[in-house]
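> only the shape, not the letters, is given here:
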Ligand SMILES: Nc1ncnc2c1ncn2[C@@H]1O[C@H](COP(=O)(O)OP(=O)(O)O)[C@@H](O)[C@H]1O
Ligand SMILES: [Mg+2]
């Protein structure tokens, strides 16, 4: 068929090298009624890859709640959309870029950020905020400094330059990620609800435009894991190469695309993400139930020697495909040209229902679109609960520390709980001029000028909880995210999830996955929120060992009045400190247990969703009504750490008495959920108590802010448990992350 | 003996070089139309001691592989000169 | 004719070069104690056409002065080679 | 009062600057496209922050050749106020409208944080509304914010009272003598690394940046009223102190 030299003739063994199974190859033969061309095999292999087809996860994802009164667009488009009032919508999504970031941390992170940004502005929304969720091996692992520095510089390098504020995120260190780090990137954009763009190609004869950077050999088969030694023999040049991000071009793409989309000329638009030109064209055709024909001779190339196979599969960054109304191509081209971007007609929409590509006058690909999408394999992978369980917690062997202040100082200086400022100070959190609450608190809060309201957003997952119990652990992830949003004064709207797991071919991983989905579903139902977008990342294994299951939850909430939000920092002396909700004496799963004793117990903290919701909604209501403007949830590190964080953020001390039932360390460092600390000015204290009583939320006045020390006593006995100055508390807290990045961090040994 | 080493680290030919592209564009807009391509790399100048040229070469090659170049996206070369001083 | 030009842009000796220092420190911590100093500069490779070496040299010198180097903080040199092709 | 905010390819803070000047301060604002050699009759020009042309070769190196910069230089020569913020400061240095250059932060990292600035002189278009010695809290966000300049030029800057802003708690980036912002010899062109446009909105925390932008009103009314004499006198007075 093609005049271009064939690299290999197509047979079963080549199909295997492309990651297709014998059965899958047979299905391809049946669909085509002939042997596929080399290019067609490439197209099938990427479209049917786990990454593009969700073949192992699709049967489970359907269990997630995907609709609701606020949902304008659920899963299925480039990103999801929710109604935020005033005729406006928020578009958001989280996505993984794990493997590339392990290979080349800087470029892996940049291209991760670039990719998720494109998913947002293709929907017509201006990206306004980025979050990132990062997981590395243990803090003292030899590769951690290199990976941490590279990833953080990459996230910042792209976001800062492209001009979108990075307002929050999370960073975790755990030996379980030492061979497979996680880099999950989130972007949120804002758009008028009636101007949301969807990517369904339509209109026989409408031209297809290629916009943005030229195509090179970047990341060919990045999505489908190429395993072909022949390629290397053929030529060194054939090796798949790392993608490099170009934030400057992306910046121009954003401006140009938003300008084009403000007009009335575009039918559909889609970025070229994983599997590049192929998947973007096929997905648009599939959504619109049309065919598409591409003339590969017109693809702008970085190197003339690219083969049609490479053009179809290249993952070069900063490229988009547009379907434009016939006759309007010039208007569109002119805008892109003014922004200095390549814009070329490369094909058209057809009524054939086929994905067709021609090269030098010959047809190299002709496949029914449905065969690539709807007919893609879908697997019910075997599921098997693990047979071994961690040992239940036996507290008798774990001596309570004599010096609880020192224990708190050590906890604050631990890699998990220390200040993240070394990370987020490398990110521009100001650009856009809407950041009401930036990084350093719970959720970030970004104003929406068009409505006078604001959006709160956070990413959370405690993978230690998930490893102990995927069902409960995932509920915790949703609930912690919700709490982080509630305490800023926002009402949770919807989530986007990034499900990072090991190989789906392992029954135990599929069990974790399935249980995590159930946990996410039940938590979402309890909170009346939907999952509107997300991403599944399987095969996070090294040498047969899977990462801890990590269903990262990105949650977005709505603040009605941007002037009514709360921060973590204590406002000053004389405020009454209240605890909303109540804890149990439980240490299971806590940061304290693992740091100090090196054990976890056999289950995470208990979950009480009704109590979570009551406490959260009370707190949110108090903030929205202007009663309190300082709130912080209790999460990793427990009550004492949460109090210390409020003192450190505000540079003000507090003197409190806490209930102790049994061990003091459990009261101070246990991680029971459904608890929120608020600080209320003296005049508002009564209101807090009355509203808590009316809403049935346990509410206890613990003490007052003031001075320069954190003093925590036991309520019943009056014994002082913790007494530390702000300087003492922050000594290690401030410096640990820089020490990790510079390879100077030495982990203390657990004492037992 | 003292040596002066110049290490050249350049983006691999097939890797996108946004910086080089930008330099070429700028040169064009300044009227230097004769420029066909620009690529931007790093120059690392090292002053170091060593027994002889071969020994230095082996060490510098190791430095390049371990630290100075990222071979996933970059190539390197170096030149060794005996230092005058 | 076609030429291959390599432009070297280096921080002026009087300007502090924190990147060079960081490279030297990293090399030391990897055990390369023989390294006395490292300085980090830029290498700009140009492919361009021109009548002859002199003409190219004059043009490239101008490019350096106008765009490629900032003479407040940087020095530049370049080498011209006739391209094989 | 009408401002022009220049839009280079890769400018990021251009819209934020226009918001600060227009919505918050209530002045008129027009955007000036990099490709047009025209300042459209504005009273003052801002070169905003961002990554013009990706800052790929050197910060500001490519932007200085934009057609609009010819018009900006002309505006500056005739005494019109020009403010360069962050990338804008870098561009002004590259263009030779301000002395010195901005190089990589000593930390080798991008740094985004609040800083405290000390106003060193009221004798510039963008400090005329301040008191010398006044402390302003304004954020920085840059990777190349370390100001360097030759020895002789540095002494001249100091002697002539053209160091407009200094980091009050020590330079976070290694800047010579903690310099955060400088002026040209007439005082009408000012560049600074911190972002006053990101410190104007009550809701977002801090409003110390307003006085920098509002200074231009004072400067222009001095110039209009007394002619250049008033500002020249102020300039001379502050220089003789220095
Ligand atoms: N990778 C990151 N990028 C930006 N901000 C981060 C990152 N990691 C943590 N942060 C910020 O640091 C603060 C503390 O993070 P974390 O301890 O995870 O908060 P929480 O326990 O409330 O979820 C938050 O404001 C968070 O947004
Ligand atoms: Mg929190």
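Structure received. Please read these numbers as outputs of a predicted model, since none were measured by experiment. Residues are numbered from 1 along each chain as shown, chains lettered A, B, ... in the order given. Ligands and ions are numbered 1, 2, ... in the order given.
> mind checking pLDDT for residue D:48?
You'll see residue D:48 listed with a pLDDT of 98.
> give the contact list for it.
D:5-7, D:11-14, D:16-17, D:85-88, D:197 (Cβ atoms under 8 Å, 6 or more residues apart in numbering or on different chains). Backbone N, C-alpha and C define where each C-beta goes, glycine included.
> just checking, which of those residues belong to helices?
D:14, D:16-17, D:87-88 (DSSP state H).
> closest to chain A among those?
The shortest approach to chain A among the ones in helices among the contacts of residue D:48 belongs to residue D:16, at 4.0 Å (Cβ to the nearest Cβ).
> wait, residue A:247 sits on residue A:110?
Yes: judged on Cβ atoms under 8 Å, residue A:247 makes contact with residue A:110 at a distance of 7.0 Å.
> buried subset of the ones in helices among the contacts of residue D:48, written for ChimeraX?
Of the ones in helices among the contacts of residue D:48, the buried ones go into a single ChimeraX selection, burial set by 16 or more other Cβ atoms under 10 Å in any protein chain shown:
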select /D:14,16,17,87,88
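> now the ones in helices among the contacts of residue D:48 as a markdown table including distance to chain C?
Shown next, in a markdown table, are the ones in helices among the contacts of residue D:48 (distance: Cβ to the nearest Cβ, whole Å):
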| residue | distance to chain C |
| --- | --- |
| D:14 | 23 |
| D:16 | 27 |
| D:17 | 25 |
| D:87 | 15 |
| D:88 | 16 |
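> separation between residue B:7 and ligand 2?
Shown here: residue B:7 relative to ligand 2, a distance of 46 Å by Cβ to the ion, to the nearest Å.
> got it, and residue A:215?
Distance from residue A:215 to ligand 2, counting by Cβ to the ion: 43 Å.
> how many neighbours does that residue have?
24 (other Cβ atoms under 10 Å in any protein chain shown).
> what's the local residue count around residue A:265?
Number of residues near residue A:265 (other Cβ under 10 Å) recorded here: 17.
> just list the residues touching it, thanks.
A:324-325, A:328, A:331-332.
> name the nearest residue to it, sequence neighbours excluded.
Excluding the flanking residues, the one nearest residue A:265 by Cβ to Cβ, 6 or more residues apart in numbering or on different chains is residue A:328, at 3.9 Å.
> pick the one among the contacts of residue D:48 closest to residue B:4.
residue D:87 (35.7 Å; Cβ to Cβ).
> thought that closest one was touching residue D:59?
Yes: in this structure, residue D:87 is within contact of residue D:59 by Cβ under 8 Å, at 6.4 Å.
> what sits in contact with each of the two?
Counting by Cβ under 8 Å, 6+ apart, the residues touching both residue D:87 and residue D:59 are residue D:51.
> ramachandran coordinates for residue 10?
Let's take chain A. phi -90, psi 130 (degrees, to the nearest 10).
> isn't it up against residue A:32?
No: Residue A:10 sits out of contact with residue A:32 when judged by Cβ under 8 Å, with a separation of 10.7 Å.
> okay, and the common contacts of the two?
Counting by Cβ under 8 Å, 6+ apart, the common neighbours of residue A:10 and residue A:32 are residue A:40.
> what about the residue nearest to residue A:265, how many neighbours?
17.
> and the gap between it and chain C?
Using Cβ to the nearest Cβ, to the nearest Å, residue A:328 is found at 38 Å from chain C.
> next one: residue A:746
15 Å.
> can you classify that residue as helix, strand or coil?
Three-state call for residue A:746 (DSSP: H, G, I helix; E, B strand; the rest coil): coil.
> ok, the residue lying closest to it once chain neighbours are set aside - how many residues close by?
Of all residues not flanking residue A:746 in the chain, residue A:140 sits nearest, at 6.4 Å (Cβ to Cβ, 6+ apart). Neighbour count for residue A:140, taken as other Cβ under 10 Å: 17.
> for residue D:1, same thing?
16.
> got a list of what it touches?
D:27-28, D:43-44, D:216-217, D:220.
> and for residue B:31?
Here residue B:31 is in contact with no residue (Cβ under 8 Å, 6+ apart).
> contacts only, for residue 10.
By default, I'm working from chain A. A:35-38, A:40-41.
> I was after chain B.
B:39, B:41-42, B:74-76, C:43, C:45.
> is it in a helix, a strand, or coil?
Going by three-state DSSP: residue B:10 is strand.
> now it: how far from residue B:20?
The gap separating residue B:10 from residue B:20 is 9 Å, by Cβ to Cβ, to the nearest Å.
> enumerate the positions of the host helix or strand of residue A:155 that are buried.
In this assignment (DSSP states H and E), residue A:155 forms part of helix A:144-162. Neighbour counts over helix A:144-162 (16+ other Cβ under 10 Å) mark A:144-145, A:147-162 as buried.
> likewise for stretch A:519-529?
Those would be A:519-524, A:526-527, A:529, for stretch A:519-529 by 16+ other Cβ under 10 Å.
> quick one: the strands in the stretch 51-200 of chain A?
Along the stretch 51-200 of chain A, counting by DSSP state E, counting those that start in this stretch, strands occupy A:71-73, A:80-83, A:88-96, A:126-136, A:165-173, A:182-192.
> and chain B, which of these is closest to it?
Using Cβ to the nearest Cβ, these put strand A:182-192 closest to chain B, at 16.2 Å.
> after that closest one, which helix or strand is next?
Using DSSP H and E, the helix or strand that follows strand A:182-192 towards the C-terminus is strand A:207-212.
> so residue A:414 sits against residue A:594, correct?
No: using Cβ under 8 Å, residue A:414 makes no contact with residue A:594, being 9.2 Å away.
> going by neighbour count, which of the contacts of residue A:265 comes out on top?
residue A:324 (26 neighbours).
> per-residue pLDDT of residue A:748, please?
On the pLDDT scale, residue A:748 gets 88.
> ok, the residue of the stretch 601-750 of chain A found nearest chain C - contacts?
Per Cβ to the nearest Cβ, residue A:743 is where the stretch 601-750 of chain A lies closest to chain C, at 7.9 Å. By Cβ under 8 Å, 6+ apart, residue A:743 lies in contact with A:142, A:145, C:29.
> so how far is residue A:747 from the second one?
This means residue A:145. 14 Å.
> do the same with the first one
Taking Cβ to Cβ as the measure, residue A:142 and residue A:747 are separated by 13 Å.
> state the distance from the closest residue to residue A:570 other than its chain neighbours to ligand 1.
Leaving aside its sequence neighbours, residue A:570 sits nearest to residue A:650 (Cβ to Cβ, 6+ apart; 3.5 Å). Distance, residue A:650 to ligand 1, by Cβ to the nearest ligand atom, to the nearest Å: 15 Å.
> go on, residue A:684?
In terms of Cβ to the nearest ligand atom, residue A:684 sits 24 Å off from ligand 1.
> which residues touch that residue?
Here residue A:684 is in contact with A:627-628 (Cβ under 8 Å, 6+ apart).
> any idea how far residue A:325 is from it?
Taking Cβ to Cβ, one finds residue A:684 at 57 Å from residue A:325.
> repeat that for residue A:539.
Distance from residue A:539 to residue A:325, by Cβ to Cβ: 41 Å.
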